[in-house]
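Participant: This is a predicted model, with the sequence first.
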Amino acid sequence: LSLVDGVAVYGGFLGIEVDRGECRPDRNLTIFDGEIGDQETVADNTERILTAIGVGPDTILDGFTVQNANNDTGDDEAQGGGLYALDSAMQIVDCTFQHNVSGGGAGIWAERGNLLVTSCRFLNNEKSGMTYLGGSPVLIKCLFQGNMSHFRGGGYNGGVDYQVPYFADCLFVENSTDGRGGAYFGLGDANFVNCRFTDNKSGESGGAAYLHEGTAVISNCTVVGNRSGYVGSGIVAHGETPTPVLTNCLLWNNRSKRGTSVEYDQIVILGGTINYSCVEGWTGRYGGVGNFGDDPRFVDADKENLRLRDDSPCFDAGDDSVVTQPTDLDGNPRILGARVDIGCYESLCSAIAGLDLKCTSSGKLKATATTTLPEGATVRFTQPDAQGRPKAHPAAVNRRGKSTAKWRPDSDAPVCIEGCAQPCKQQTCP
């Protein structure tokens with residue numbers, strides 16, 4: 001299927017809507033499926049599902065699932081399974097690219113052009129969730145999870161041609177490669193803001209990211225729990241003179257099989273700058289200012305809740321001058337305290353003015369937080385269950401600055417705001 005220049009296509013409708021804003025892609029799946037033949041084999045699946053050649057920004061793909069392409073033929077045309085884009089600047093919004101296979105760029109293969117990709121998911125694609133050669137793609141609020149590559153860049157592969165990708169509020173989780181860059185491999189001046197890299201793996205170096213060339217600017221990112229078969233399970237900048245600039249970043253618990261030190265497990269760079277960052281095993285060998293290696297004190301690292309407690313050394317420890325996004329990865333405001341926090345999450349504790357608990361007539365617990373947060377921010381109430389395991393109850397802040405959540409408690413344990421020592425209150429409901 002070829003996308004037409006200037007034409008917008010929208011999915012996510014049930015068929016009874018009267019307005020485009022009523023679409024719900026998460027509920028009403030609209031699927032481009034490459035599974036067209038024998039359901040027991042992928043050999044006869046569609047090679048490429050979508051193509052976009054020379055289309056501009058008025059071309060929009062919104063609200064679709066693109067899945068089960070099989071373009072791993074071994075020839076020169078075996079690039080791009082879900083979408084093949086050439087010299088295009090289209091918009092891709094709220095789409096899922098999953099279970100596609102190709103010789104490269106199984107989810108999306110793009111050459112040149114400037115794609116704008118927003119709120120999309122790249123799931124379990126084989127030979128990279130996305131491959132981009134040249135151009136300046138922009139990816140905002142995207143998830144790369146479970147993608148793999150035999151060569152490099154399991155989540156995103158930006159090799160071969162110089163490029164300038166921009167990532168904001170993106171998650172890279174459980175991507176893998178036999179080569180370098182479990183989640184990301186790239187040449188060029190990449191920019192990462194408020195991104196999180198966790199549980200990615202590489203057979204060689206760069207469990208999370210491998211920067212081969214250019215000046216990558218990485219700000220307020222969290223890189224935790226990645227693994228590699230060689231050195232540098234967090235970030236590696238090693239190749240054609242890469243010079244990354246890391247500021248307000250948190251690198252912790254990354255481990256490699258051949259690492260010579262805990263610090264080298266987190267980051268290996270030949271040049272570049274690190275400032276105002278928390279790096280496990282920090283020795284000072286990379287210089288910079290405002291860096292340290294103290295325990296970041298996550299809310300619950302075992303459960304991969306990497307938000308900060310209010311006693312974290314990363315609290316109010318960053319550099320405000322590099323902050324370009326008004327919100328953090330949760331969508332909450334940045335710089336709530338004296339200075340920006342280190343990592344992809346901003347602590348809300350300084351914005352909580354009070355906590356009130358009541359019991360409803362149905363026996364539910366009603367928790368209300370009074371805050372100085374803007375409408376739309378999210379407060380996470382926590383209360384341990386009967387086994388002592390913390391359970392979070394997120395709720396949005398209204399226009400009066402209040403956030404309210406209701407739930408049926410299974411213990412009388414105190415209710416707190418996640419990560420905050422105070423306020424905490426206790427209420428027994430009949």
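Facilitator: It's in.
Participant: so where do the helices sit in the chain?
Facilitator: Under the criterion DSSP state H, helices of the chain are mapped to 262-266.
Participant: shaky segments in it?
Facilitator: Low-confidence segments of the chain (pLDDT under 70): 76, 159-161, 240.
Participant: hey, what's the most centrally placed residue in it bridged with?
Facilitator: Among the residues of the chain, the one closest to the centroid is L171, at 1.1 Å (Cα atoms, centre = their mean). Per DSSP bridges, the residues bridged to L171 are L143, R196.
Participant: So it versus F197, what's the distance?
Facilitator: With distances taken as Cβ to Cβ, to the nearest Å, L171 is found 8 Å from F197. Any C-beta I mention is one placed from the backbone N, CA and C, and that applies to glycine too.
Participant: show me what contacts T283?
Facilitator: 261, 263, 293 (Cβ atoms under 8 Å, 6 or more residues apart in numbering).
Participant: Now do the same contact list for the residue nearest to the first one when sequence neighbours are not counted.
Facilitator: The spatially closest residue to S261, leaving aside those adjacent along the chain, is G281, at 5.9 Å (Cβ to Cβ, 6 or more residues apart in numbering). Residues in contact with G281, defined by Cβ under 8 Å, 6+ apart, are 261-266, 293.
Participant: could you redo the last one with a cut-off of 7 Å?
Facilitator: Each residue near G281 by Cβ atoms under 7 Å, 6 or more residues apart in numbering is listed here: 261-263, 266, 293.
Participant: ok, it to S233 distance?
Facilitator: As for G281, its distance to S233 is 12 Å (criterion: Cβ to Cβ).
Participant: got it, and C429?
Facilitator: Going from C429 to S233 by Cβ to Cβ gives 46 Å.
Participant: got it, and V55?
Facilitator: Relative to S233, V55 is positioned 39 Å away (Cβ to Cβ).
Participant: more crowded one of the two?
Facilitator: Set V55 next to S233 and count neighbours by other Cβ atoms under 10 Å: S233 wins out with 32 against 25.
Participant: Let me see the contact set for the more buried one.
Facilitator: Contacts of S233 (Cβ under 7 Å, 6+ apart): 207, 226-227, 254-256, 265.
Participant: quick one, phi psi at it?
Facilitator: The phi and psi values for S233, taken as degrees, to the nearest 10, are phi -80, psi -20.
Participant: could you dump the contacts of G281 to TSV with neighbour count and distance to R339?
Facilitator: Output for these, formatted as TSV (neighbours: other Cβ atoms under 10 Å; distance: Cβ to Cβ, whole Å):
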residue	neighbour count	distance to R339
S261	11	29
V262	17	26
E263	20	24
Q266	31	23
G293	19	19
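Participant: what's the closest of the residues you listed to V322?
Facilitator: Q266 (19.7 Å; Cβ to Cβ).
Participant: Surely that closest one is in contact with V236?
Facilitator: No: if you go by Cβ atoms under 7 Å, Q266 and V236 don't touch, sitting 10.2 Å apart.
Participant: follow-up on the earlier one: ranking by neighbours, what's the top pick from the contacts of S233?
Facilitator: Counting by other Cβ under 10 Å, top hit in the contacts of S233: G207 with 36 neighbours.
Participant: Give the full set of residues in contact with that residue.
Facilitator: Taking Cβ under 7 Å, 6+ apart, one finds 182, 200-201, 226-228, 233-234, 254, 256 in contact with G207.
Participant: at 6 Å instead, please
Facilitator: By Cβ atoms under 6 Å, 6 or more residues apart in numbering, the residues touching G207 are 182, 200-201, 226-228, 233.
Participant: and L115, how many neighbours?
Facilitator: 24.
Participant: circling back to that earlier point, columns distance to E40 on top of the contacts of S233, output as a markdown table?
Facilitator: Below are the contacts of S233 laid out as a markdown table (distance: Cβ to Cβ, whole Å):
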| residue | distance to E40 |
| --- | --- |
| G207 | 35 |
| N226 | 36 |
| R227 | 34 |
| N254 | 40 |
| R255 | 40 |
| S256 | 40 |
| D265 | 43 |
